[in-house]
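Chemist: Dropping the sequence and predicted coords here.
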Amino acid sequence: MMDKNHKNIATLIHLSTFSRFFFPLGNFLGPLVLWIANKDKSDFIDVHGKQALNFQISILLYAIILGMITIPLFVFNLINGFDFMEIVSFNSIHISLTKPSPLLYISGGLGFIAVVGFILELVFIVKASLAAKDGENYKYPFTINFLN
């Protein structure tokens, strides 16, 4: 039987992912500690704990992949950016920004995707918390199930 205490613990598991704003790896450690301490109390807590951890691991994986794509493009753009500068002599330096590299647009687009992903992550965490508060199961979108 699910009581209010189980709903509160499941809600707290989801909300504990926001602890990353206060200490490193809080988005993993907070839900992990709460889940391990309470997973035997009910299946409801167990399901929500696994969902929260699966979502955070998936987000980490997506961020690593996005970073592996974006960072080299950004570095290549910086190296290629030296073409924008014309040093004629020590008295005059001309900077021309008329022909930016296509890598600038690609890395900017990937950065925009990262910002949108961050906002969506916050929205999904709040939705999962509200579902847990109401006693409903919630499945995060775009989640890879590492813990079954």
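Modeler: Alright, I've got the coordinates.
Chemist: so Met2 touches Asp46, yeah?
Modeler: No: counting by CB atoms under 8 Å, Met2 does not reach Asp46; the two are 11.7 Å apart. Any C-beta I mention is one placed from the backbone N, CA and C, and that applies to glycine too.
Chemist: quick one: which of those two has more around it?
Modeler: Set Met2 next to Asp46 and count neighbours by other CB atoms under 10 Å: Asp46 wins out with 16 against 13.
Chemist: Is that one part of a helix or strand, or is it coil?
Modeler: Secondary structure, DSSP: H, G, I helix; E, B strand; the rest coil: Asp46 is helix.
Chemist: Now for it: which residues touch it?
Modeler: Applying CB atoms under 8 Å, 6 or more residues apart in numbering, one finds that Asp46 lies in contact with 35, 39-40.
Chemist: Can you point out the buried residues in stretch 134-142?
Modeler: By neighbour count with 16 or more other CB atoms under 10 Å, stretch 134-142 contains the buried residues 138, 140.
Chemist: on that earlier part again, restrict the contacts of Asp46 to the buried ones and give me that as a ChimeraX selection.
Modeler: Remark: buried members of these, expressed as a ChimeraX selection using 16+ other CB under 10 Å:
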select :35,39
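Chemist: What's the end-to-end length of stretch 30-48?
Modeler: End-to-end distance for stretch 30-48, by CA to CA, to the nearest Å: 13 Å.
Chemist: Begin at 233 from now on, thanks
Modeler: Done: numbering now begins at 233, and the last item shifts to stretch 262-280.
Chemist: So for that stretch, mean pLDDT?
Modeler: Stretch 262-280 shows a mean pLDDT of 95 in the predicted model.
Chemist: Ok, stretch 368-377 next?
Modeler: Computed over stretch 368-377, the average pLDDT equals 95.
Chemist: hmm, who's touching it?
Modeler: For stretch 368-377, the external contacting residues (CB under 8 Å, 6+ apart) are 276, 279-280, 282-283, 286-287, 289-290, 293-294, 356, 359-360, 363-364.
Chemist: just for the chain, where's the confidence low?
Modeler: Residues of the chain meeting the criterion pLDDT under 70: 233, 309-333.
Chemist: dump the residue contacts of the residue nearest to the spatial centre of it.
Modeler: Geometric centre of the chain, nearest residue: Ile291, 4.5 Å, by CA atoms, centre = their mean. Applying CB under 8 Å, 6+ apart to Ile291 gives the contacts 349, 353.
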